[in-house]
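# coords please:
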Amino acid sequence: MLTSTDSPFGAYTGHATRTRPLVVFAHKGHDWIRGSEQCLLDLVSGLDREAFRLMLLTNGRTLAAEVERRGVEAVLVKHWSGGAVTNLFTHQRVTRLLRERGASLVHANMAVTLPLVIPAARRLGIPVLTHLHMPFASLAARHGALVRQSTVTVGVADHVVAPLRDGTAGSGRVRVVENAVNVERLASGDARRLRASLGIRADAFVATSVGSLIARKGQSAAIRAVAHARAQGLDVHLLLCGDGPDEPALRALATALGADQAVHLLGMRRDVGAILRDATDVLVATAHEEAQPLSVLEAQWSGVPVLASDIVAHRDAMPPASGGALFPLDDAEALARELRALAVAPARRREMAIAGQRFAHGRYDMRRYVAAFTALYEDLLAPAAHRRSGARERVSTLSGGHAVLRTR
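Next up, the predicted model:
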């Protein structure tokens with residue numbers, strides 16, 4: 001039966017469900033696996049394939065390969081650059097692809113995908129769920145305007161979507177689903193020999209920082225803090241897990257401060273869980289801005305104490321019950337004082353670890369994360385919900401195999 005109702009896009013049209021609905025993920029970013037990519041992979045891995053068919057549109061070959069390893073079709077979208085799709089043929093061919101596959105719902109994993117998926121969804125009459133992994137306030141104006149056209153916007157924390165609760169979007173169209181911890185990934189690996197391989201004494205105090213080496217992550221404060229603490233007599237080392245354009249500058253800073261033998265740039269690591277578990281005394285999170293930091297959640301889950309910069313994302317992830325400690329943003333001396341205090345207080349570290357682990361296990365369970373998105377999908381795809389929100393699904397069979405979407 002064909003229906004047509006009003007919606008944020010105009011008129012949605014669709015067919016009654018005849019088979020499993022197809023959820024199409026859209027992601028545009030660097031060719032790597034970081035926070036938002038990992039969240040997508042965790043969700044894809046956890047969703048019930050008997051309830052949903054899945055497909056990914058992306059510009060990243062690395063993400064596409066990881067998705068296909070999980071048995072999901074990935075389509076590489078060409079000429080998807082500059083934060084917007086300006087190529088008319090890309091618009092047309094993506095729309096045609098979604099129509100041929102019988103897409104029921106688009107899950108936009110990045111706001112920068114919306115210039116492509118919003119027009120396609122409008123033409124096909126299917127809902128769009130926009131998943132924000134960064135604060136709405138930090139988006140470009142164009143992308144922010146498109147977020148407001150989404151059927152539902154999901155933020156990883158309340159502060160991420162707070163500006164959307166200003167009355168321009170109905171409260172039912174703004175949701176919060178916090179990130180979760182992939183326990184299997186966290187438990188993998190063995191880093192028990194890492195300290196020795198780096199020349200770190202067994203009784204040294206080791207701080208670890210996890211994240212891309214970019215200015216927003218603020219690792220320079222961690223390096224300055226380690227240098228300051230060492231100058232005060234503490235045998236402290238810093239493990240930096242991640243890569244990025246700031247690596248040369250961070251190496252130069254460590255050398256200039258005489259801390260190059262204590263600052264270990266490990267590059268991008270797949271065994272972060274093992275490094276936290278086997279080689280770390282405290283996680284240091286120095287970011288200037290975050291949405292919801294996976295590294296903090298993973299450290300808490302692993303029973304590793306956390307010291308974090310005093311920003312809203314860290315306050316959300318580390319309420320008093322979590323046992324973590326905050327220090328003023330970019331205040332290397334304050335961080336150095338915290339490092340010195342923790343290094344000589346093993347009982348306090350144990351208390352922080354126990355509190356953080358209890359908090360994380362009660363809040364960041366992967367089953368809850370997958371169940372929350374499953375419920376959202378079912379709500380968006382339910383005929384009654386579509387009549388209320390102006391969305392109906394259209395479904396057909398999915399043809400498998402890898403594809404590359406090319407344009408002229």
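# quick one: low-confidence parts of the stretch 51-200 of the chain?
81-87, 167-172 (pLDDT under 70).
# 90 instead, please
Applying pLDDT under 90 to the stretch 51-200 of the chain flags residues 78-92, 165-172.
# which parts of it are helices?
61-69, 88-101, 114-124, 141-147, 158-161, 183-187, 194-197 (DSSP state H, counting those that start in this stretch).
# quick one: those helices as CSV, columns for distance to residue 321 too.
C-beta coordinates here come from the backbone N, C-alpha and C atoms, glycine included. Shown next, in CSV, are the helices of the stretch 51-200 of the chain (distance: least, Cβ to Cβ, whole Å):
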stretch, distance to residue 321
helix 61-69, 34
helix 88-101, 44
helix 114-124, 36
helix 141-147, 32
helix 158-161, 17
helix 183-187, 21
helix 194-197, 31
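# domain ranges for this protein, per the record?
For the chain, the structural domains run 3-180+365-405, 186-363, going by automatic domain parsing.
# columns mean neighbour count on top of the ones you listed, output as CSV?
Shown next, in CSV, are the domains of the chain (neighbours: other Cβ atoms under 10 Å):
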stretch, mean neighbour count
domain 3-180+365-405, 19
domain 186-363, 19
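# low-confidence ranges, the stretch 201-350 of the chain, go.
For the stretch 201-350 of the chain (pLDDT under 90), the answer is none.
# after the helix ranked longest in the chain, which helix or strand is next?
If you go by DSSP state H, the chain has its longest helix at helix 346-363. Sequence-wise, the next helix or strand downstream of helix 346-363 (DSSP states H and E) is helix 366-381.
# centre of the chain to that following helix, how far?
17 Å (Cα atoms, centre = their mean, to the nearest Å).
# so who does residue 273 touch?
Neighbouring residues of residue 273 by Cβ atoms under 8 Å, 6 or more residues apart in numbering: 185-189, 298, 302.
# one more time with 10 Å, if that's ok
Taking Cβ atoms under 10 Å, 6 or more residues apart in numbering as the criterion, residue 273 is in contact with 181-189, 191, 298-299, 301-302.
# now render those residues as JSON lines, adding distance to residue 284.
What follows is those, written out as JSON lines (distance: Cβ to Cβ, whole Å):
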{"residue": "181", "distance to residue 284": "19"}
{"residue": "182", "distance to residue 284": "22"}
{"residue": "183", "distance to residue 284": "23"}
{"residue": "184", "distance to residue 284": "25"}
{"residue": "185", "distance to residue 284": "21"}
{"residue": "186", "distance to residue 284": "18"}
{"residue": "187", "distance to residue 284": "22"}
{"residue": "188", "distance to residue 284": "23"}
{"residue": "189", "distance to residue 284": "20"}
{"residue": "191", "distance to residue 284": "17"}
{"residue": "298", "distance to residue 284": "14"}
{"residue": "299", "distance to residue 284": "10"}
{"residue": "301", "distance to residue 284": "17"}
{"residue": "302", "distance to residue 284": "15"}
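# which one of these is nearest residue 65?
residue 185 (16.6 Å; Cβ to Cβ).
# go ahead and confirm that closest one touches residue 42.
Yes - judged on Cβ atoms under 10 Å, residue 185 makes contact with residue 42 at a distance of 8.2 Å.
# what sits in contact with each of those two?
With Cβ under 10 Å, 6+ apart, residue 185 and residue 42 have common neighbours residue 366.
# tell me which residue is most central in this protein.
For the chain, the residue nearest the mean C-alpha position is residue 36 (2.9 Å; Cα atoms, centre = their mean).
# quick check: angle from the strand or helix carrying it to helix 366-381?
According to DSSP H and E, residue 36 maps onto helix 35-46. Angle, helix 35-46 to helix 366-381, by axes from the mean of the first three to the mean of the last three Cα atoms, to 10 degrees: 80 degrees.
# list phi and psi for residue 71.
Residue 71 adopts backbone torsions of phi 80, psi 20, taken as degrees, to the nearest 10.
# now residue 155: closest residue in space that isn't a chain neighbour?
residue 161 (3.4 Å; Cβ to Cβ, 6 or more residues apart in numbering).
# that neighbour and residue 132 touch, don't they?
Yes - judged on Cβ under 10 Å, residue 161 makes contact with residue 132 at a distance of 6.3 Å.
# any residues in contact with both of those two?
Common neighbours of residue 161 and residue 132 (Cβ under 10 Å, 6+ apart) are 147, 153-155, 174, 176, 291.
# what is the nearest of the residues you listed to residue 111?
residue 147 (5.5 Å).
# the closest one contacts residue 139, doesn't it?
Yes - contact criterion Cβ under 10 Å: residue 147 and residue 139 qualify, at 6.8 Å.
# pull up the overlap in contacts between these two.
Joint contacts of residue 147 and residue 139 (Cβ under 10 Å, 6+ apart) are 111, 114, 132, 163.
# so how far is residue 153 from the residue nearest to residue 155?
6 Å (Cβ to Cβ, to the nearest Å).
# common neighbours of these two, please.
Joint contacts of residue 161 and residue 153 (Cβ under 10 Å, 6+ apart) are 130, 132, 136, 147, 169, 173-176.
# turn the shared contacts of residue 161 and residue 132 into a markdown table, including distance to residue 80.
A markdown table is the format used below for those (distance: Cβ to Cβ, whole Å):
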| residue | distance to residue 80 |
| --- | --- |
| 147 | 18 |
| 153 | 21 |
| 154 | 22 |
| 155 | 24 |
| 174 | 27 |
| 176 | 28 |
| 291 | 22 |
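# between the residues you listed, which is closest to residue 22?
Looking across these and measuring by Cβ to Cβ, the closest to residue 22 is residue 154, at 19.0 Å.
# quick one: residues contacting the closest residue to residue 319 other than its chain neighbours.
Closest residue to residue 319 apart from its sequence neighbours, by Cβ to Cβ, 6+ apart: residue 359 at 7.7 Å. Contacts for residue 359 (Cβ under 10 Å, 6+ apart) come out as 297, 300-301, 317-324.
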